[in-house]
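Novice: sequence and predicted model, in that order:
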Amino acid sequence: METLVVDHPLVAHKLTALRDVNTDSPTFRRLADELVTLLAYEATRQVRVTEWSVETPVAPARGVRLAQPYPLVVPILRAGLGMLDGMTRLLPTAEVGFLGMIRNESTLEAETYATRLPEDLSGRQVYVVDPMLATGGTLAAAIKFLFDRGADDVTALCLLAAPEGIAHLDESFAGTGKPIRLVTAALDERLNEHGYIVPGLGDAGDRLYGVV
Ligand SMILES: O=P(O)(O)OC[C@H]1O[C@H](OP(=O)(O)OP(=O)(O)O)[C@H](O)[C@@H]1O
Ligand SMILES: O=c1cc[nH]c(=O)[nH]1
Ligand SMILES: [Mg+2]
């Protein structure tokens with residue numbers, strides 16, 4: 001898997017505030033939204049375009065526009081919803097599919113409770129958004145689901161990643177030959193005994209939307 005940790009002072013500044021236990025939900029949502037826009041700029045470097053010509057007020061100009069089929073953005077509910085608007089702001093013509101997944105906090109296994117995506121993802125570029133890559137169980141299950149539907153190019157955007165999660169994804173998809181990219185704002189130290197990222201930011205879903 002190709003991993004990019006976005007090294008930028010604005011990203012570091014916003015991420016530090018996001019981690020702060022004293023940051024309230026409204027501020028957390030705003031920071032997550034701003035961060036995903038910065039990550040999306042890097043994550044879409046390989047977005048497919050076709051040549052396109054326009055007339056400027058002065059002369060003809062050659063350029064590009066997004067190729068069809070348009071990219072599909074897939075937030076993993078619930079916490080991934082906090083990254084959706086930032087992503088579609090940059091890719092307004094993208095379609096959006098939804099995966100509802102929850103990690104069982106005893107077994108740390110991911111369970112899927114909702115799927116609402118096109119049946120056929122052949123030839124689609126997919127951008128999966130989820131703030132946290134911890135054990136990697138959730139993202140691995142999500143990417144497998146997308147590959148099973150025919151997606152051939154998946155980029156994951158996470159605010160934070162743990163080394164254990166990256167290793168899990170590398171093992172899960174070694175030899176599939178399909179490109180997988182991860183773009184994250186930081187690679188943290190490790191997981192604790194409860195499977196939480198250290199130093200992390202706590203439970204992203206709870207911090208965005210309250211405790212459920
Ligand atoms: O890498 P993993 O060990 O699988 O953990 C990461 C998952 O945990 C969080 O979701 P959670 O299960 O808390 O659901 P929520 O978004 O509804 O809070 C997070 O948003 C990821 O989806
Ligand atoms: O640190 C973590 C790990 C999984 N899910 C979260 O929300 N936070
Ligand atoms: Mg959660």
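Specialist: Thanks, I have the structure now. Numbers count the residues shown, from 1 in each chain. Ligands and ions are numbered 1, 2, ... in the order given.
Novice: ok and the residue in the protein nearest ligand 3?
Specialist: For the chain, the residue positioned closest to ligand 3 under CB to the ion is residue 205, at a distance of 3.2 Å. All C-beta spots, glycine's among them, are computed from the backbone N, C-alpha and C.
Novice: the longest helix belonging to the chain packs against which elements?
Specialist: Taking residue count as the measure and DSSP state H as the definition, the longest helix of the chain comes out as helix 25-43. If you count contacts as 3 or more CB pairs under 8 Å, 6 or more residues apart in numbering; DSSP states H and E, helix 25-43 packs onto helix 9-19, helix 84-90, strand 125-129, strand 153-161, strand 180-187, helix 204-209.
Novice: near ligand 3 at all, stretch 185-202?
Specialist: No. With CB under 5 Å from the ion as the threshold, stretch 185-202 lies outside contact range of ligand 3, at a closest distance of 9.2 Å.
Novice: residues contacting that stretch, please?
Specialist: Residues lying outside stretch 185-202 but in contact with it, judged by CB atoms under 8 Å, 6 or more residues apart in numbering, are 3, 5-6, 11-12, 14-15, 18-19, 21, 35, 38-39, 103, 105, 108, 131-132, 134-135, 158-164, 166, 203, 207.
Novice: in ChimeraX, how would I select the buried members of those residues?
Specialist: Written as a ChimeraX command, the selection of buried residues from these, which uses 16 or more other CB atoms under 10 Å, is:
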select :3,6,11,14,15,18,19,35,38,39,103,131,132,134,135,158,159,160,161,162,166,207
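Novice: so which of the contacts of stretch 185-202 also contact ligand 3?
Specialist: Restricting these to those touching ligand 3 (CB under 5 Å from the ion) yields residue 203.
Novice: quick one: buried residues of stretch 145-158?
Specialist: By neighbour count, with 16+ other CB under 10 Å as the criterion, the buried positions of stretch 145-158 are 145-147, 149, 151, 153-158.
Novice: those residues: which two are farthest apart?
Specialist: Of all pairs drawn from those, the one with the largest separation by CB to CB is 149 and 158; the distance is 21.2 Å.
Novice: near ligand 3, which residues of this protein?
Specialist: 203, 205.
Novice: and if we set it to 8 Å?
Specialist: Residues of the chain lying close to ligand 3 (CB under 8 Å from the ion) are 78-79, 102-103, 132, 203-206.
Novice: next, format these as TSV and append distance to residue 180 and pLDDT.
Specialist: What follows is the residues of the chain next to ligand 3, written out as TSV (distance: CB to CB, whole Å; pLDDT from 0 to 100):
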residue	distance to residue 180	pLDDT
78	23	97
79	20	98
102	22	97
103	20	97
132	17	98
203	25	97
204	21	98
205	24	97
206	28	97
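Novice: wait, which of those is closest to residue 65?
Specialist: So of the residues of the chain next to ligand 3, ranked by how close each gets to residue 65 (CB to CB), first place is residue 79, at 31.9 Å.
Novice: my guess is that closest one contacts residue 131. True?
Specialist: Yes. In this structure residue 79 lies within contact range of residue 131 using CB atoms under 8 Å: 5.1 Å.
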